[in-house]
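[1] Structure, please.
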Amino acid sequence: MRFEDLPYRPCVGIVLLNRDSLAFIGRRLEGSEHVDLAHVWQLPQGGIDPGEEPWPAAVRELFEETNIRSVERVGEIAQWLKYDIPRDIIGVAWNGKYRGQMQKWFAMRFLGSESEIDVVRPAGAQHAEFGAWRWEPMENLPELVVPFKRAVYERVVSEFRHLAK
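    Numbering: from 1, shown residues only. A predicted model of the protein is given here:
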């Protein structure tokens, strides 16, 4: 199948802000779409299961990747944002079924204690996605991710910037 004919994988993305308006970012352990070892950080994100709505998928993905449940929804981007993965990893990423991701983005406020966060052994996951995490000013996020995701992160920061004040 031609690259242009492949569908986008339906996913959610989460900007989790703490009380100081810093964003949670995790350091990816692995993944075929992370082709640039200099940019291994990303926001929590993941696939929407068949029949699942985006908001419950976002809550589930956040828990599976970070162990976090203490959140409130504070924002949503109305449009679905898309990115294409590099063509040279099409056959490796997602078994060659998708050309990239189509993401519904949500902003959440973290209401819990940092002791709730566990990226190494998150209770809801089969395996860890992140090996480390930190709080980061939102405007720094686009420079920390792989370049092919940068335009999406720039849009996310633009849409949610007002929440970090």
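
[2] would you list every one of the helices in the chain?
    54-66, 141-144, 150-160 (DSSP state H).

[3] For the first one, enumerate the helices and strands it packs against.
    Secondary structure elements in contact with helix 54-66, counted by 3 or more CB pairs under 8 Å, 6 or more residues apart in numbering; DSSP states H and E, are strand 8-17, strand 23-28, strand 45-47, strand 71-76, strand 100-110, strand 130-136. Where you see a C-beta, it was placed from the backbone N, CA and C, and this is true even at glycine.

[4] got the buried residues for the last one?
    If you call a residue buried by 16 or more other CB atoms under 10 Å, then strand 130-136 has these buried ones: F130, W133.

[5] could you give the angle of that strand to strand 8-17?
    50 degrees (axes from the mean of the first three to the mean of the last three CA atoms, to 10 degrees).

[6] cool, and the longest one?
    Here strand 100-110 points in a direction 20 degrees away from that of strand 8-17 (the same axes, to 10 degrees).

[7] Give me the helices and strands touching strand 100-110, please.
    By 3+ CB pairs under 8 Å, 6+ apart, strand 100-110 packs against strand 8-17, helix 54-66, strand 71-76, strand 81-84, helix 150-160.

[8] Much appreciated, bye for now.
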